[in-house]
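A.B. asks: sequence first, predicted coordinates after that:
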Amino acid sequence: MTFGRLVAVATLGMAFTTVSVSAQTIAIAGRDGSFAEALKAGVAAYTAANPGVTATQLELPYAGLLEKLIISMREEAGAYDVIMLDDTWAMEFMSKGWLTDLDQLGGGVDTDFVSGTLGVARYPFPDGTLYAVPFVGNVAMFAYRSDLMERPATWTDVLVSAKGVSEANPDVSGVVFRGIKANPIVTGFLPILWAHGANVVDAEGNAAFNTPDAVEALKLFLELKKYAPTGVETYNSSEVRDALMQGTTAMSIELWPSWAPSLDDPALSRVPGMIEVVAPPGQTVGSSPMLGSWLLAVPADAPNPELGRAFIDFITSAEMQKQLALEIGQPPTRTSVYTDGDVVAKYRWYPNQLQALENATPRPRIVQWSRVETILGDYLQLALIGEMTPELAIEEAHAEIERALRR
């Protein structure tokens, strides 16, 4: 289906969302890359269905978007009608009164949204006021080569399989992951940590990292490095994707939906149909995939809040989410789209992805998460490169996290 066809389908199929307006402009601030493509498609379909509306769309990288939004919210600039938020930013924006109460503005949301994605859209978490609507159903998955190994049930099985594959296949690493510090290494490690029954922060918002279970999780993570490619401590998403697509690794401990659409494309992958995408393994507790949802919200100072809510309802509708999944590969937040026959025919792992999303764990609901993540990433990499023992890395990270949480 072409982009023009997408707009036509959306225009015809979602005319019920048309609002009565005359020459209004909606200002939207969002991410760049594939997220921007999805927003652009939604904007085109929405303005086609609402001829009296024009739209401006700001596209920024992760850090740039956060900085821009914080400045705008603090200054009450009234610059945007719709903003895109990482779920980890949402706590700060919600707690500071920077977002509009969508329960009052538009009457809530329907039950088709996966419940976990709605939890991080509410404050207090997970049952409070609705301040956003889930737009991107990101969840960390696990990938493995079905021609080389069986699906591992536990992280210990992952380690055993990594060793076996590496020894049997000199040209294939047993496992790959993002080892670069900050968000990448933390994102890969958290599902291992949680599966061991450990946490960085407890339910009351206190540091909880310095435990025997956390030490065991980090020791296992460091053991995996023995069967990873040389230089994995500098790997980011592009290196992980390349290893999977080139068939030079048997497993990736982390696979995000945006990396997956080309796995079965023989023009791009050397191992089409051989990579299985499933929920991460468990350990002492069950599988604990990491939620990485992106949300759409209406700022408290939005010039056109009703128009902003109407746009959000339009682009997060089941019809539009299906088209964005098929055309752009954006992971939905609605259950009905994950079970749609057309979508599953294109992305065979979507039933597994839905299962992971239904059981996903959000990162701690604290306003200091950005600082905590930076601390954690620094110490995880110090352990990965051998500069610290697992015990010392966890002890010192815990102490710094405690100080960060008191600020």
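C.D. replies: Structure received. Numbering: from 1, shown residues only.
A.B. asks: for Gly377, helix, strand, or coil?
C.D. replies: helix (DSSP: H, G, I helix; E, B strand; the rest coil).
A.B. asks: for it, what are its contacts?
C.D. replies: The contact partners of Gly377, by Cβ atoms under 8 Å, 6 or more residues apart in numbering, come to Lys181, Ala182, Asn183, Pro184, Ile185, Val186. All C-beta spots, glycine's among them, are computed from the backbone N, C-alpha and C.
A.B. asks: once you drop chain neighbours, what's closest to it?
C.D. replies: Spatial nearest neighbour of Gly377, excluding adjacent residues (Cβ to Cβ, 6 or more residues apart in numbering): Ala182 at 4.1 Å.
A.B. asks: quick check: the one you found touching Ile375?
C.D. replies: No. Between Ala182 and Ile375 there is no contact under Cβ atoms under 8 Å: 9.9 Å.
A.B. asks: between these two, which has more neighbouring residues?
C.D. replies: Using other Cβ atoms under 10 Å, the more surrounded residue of Ala182 and Ile375 is Ile375, with 22 against 17.
A.B. asks: what lies in contact with stretch 24-31?
C.D. replies: By Cβ under 8 Å, 6+ apart, stretch 24-31 touches 36, 39, 43, 52-62, 65, 68-69, 72, 79-84, 294, 303-304, 307-308, 311.
A.B. asks: domain assignment for the chain?
C.D. replies: 3-138+292-358, 141-290+368-406 (automatic domain parsing).
A.B. asks: pull the contacting residues for Ser95.
C.D. replies: For Ser95, the contact set (Cβ under 8 Å, 6+ apart) comprises Tyr123, Val367.
A.B. asks: the contacts of stretch 24-31, buried ones only, as a PyMOL selection?
C.D. replies: Selecting the buried subset of the contacts of stretch 24-31 in PyMOL, with 16 or more other Cβ atoms under 10 Å as the burial test, is done by:
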select buried, resi 36+39+43+53+55+58+59+60+65+68+69+72+79+80+81+82+83+84+294+304+307+308+311
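A.B. asks: in helices, which of the contacts of stretch 24-31 appear?
C.D. replies: If you go by DSSP state H, these have Ala36, Leu39, Val43, Tyr62, Leu65, Lys68, Leu69, Ser72, Leu307, Gly308, Phe311 in helices.
A.B. asks: which one of the domains of the chain has the lowest average pLDDT?
C.D. replies: Mean pLDDT across those is lowest at domain 3-138+292-358; the value there is a mean of 90.
A.B. asks: ok now it, how far from the chain's centre?
C.D. replies: 14 Å (Cα atoms, centre = their mean, to the nearest Å).
A.B. asks: burial measure for Glu167, as a count.
C.D. replies: When neighbours are defined as other Cβ under 10 Å, Glu167 has 10 of them.
A.B. asks: tell me the centre residue of the chain?
C.D. replies: Nearest to the mean C-alpha position of the chain, by Cα atoms, centre = their mean, lies Gly292 at 2.4 Å.
A.B. asks: verify the stated contact: it with Asn138.
C.D. replies: Yes. Counting by Cβ under 8 Å, Asn138 is a contact partner of Gly292 at 3.6 Å.
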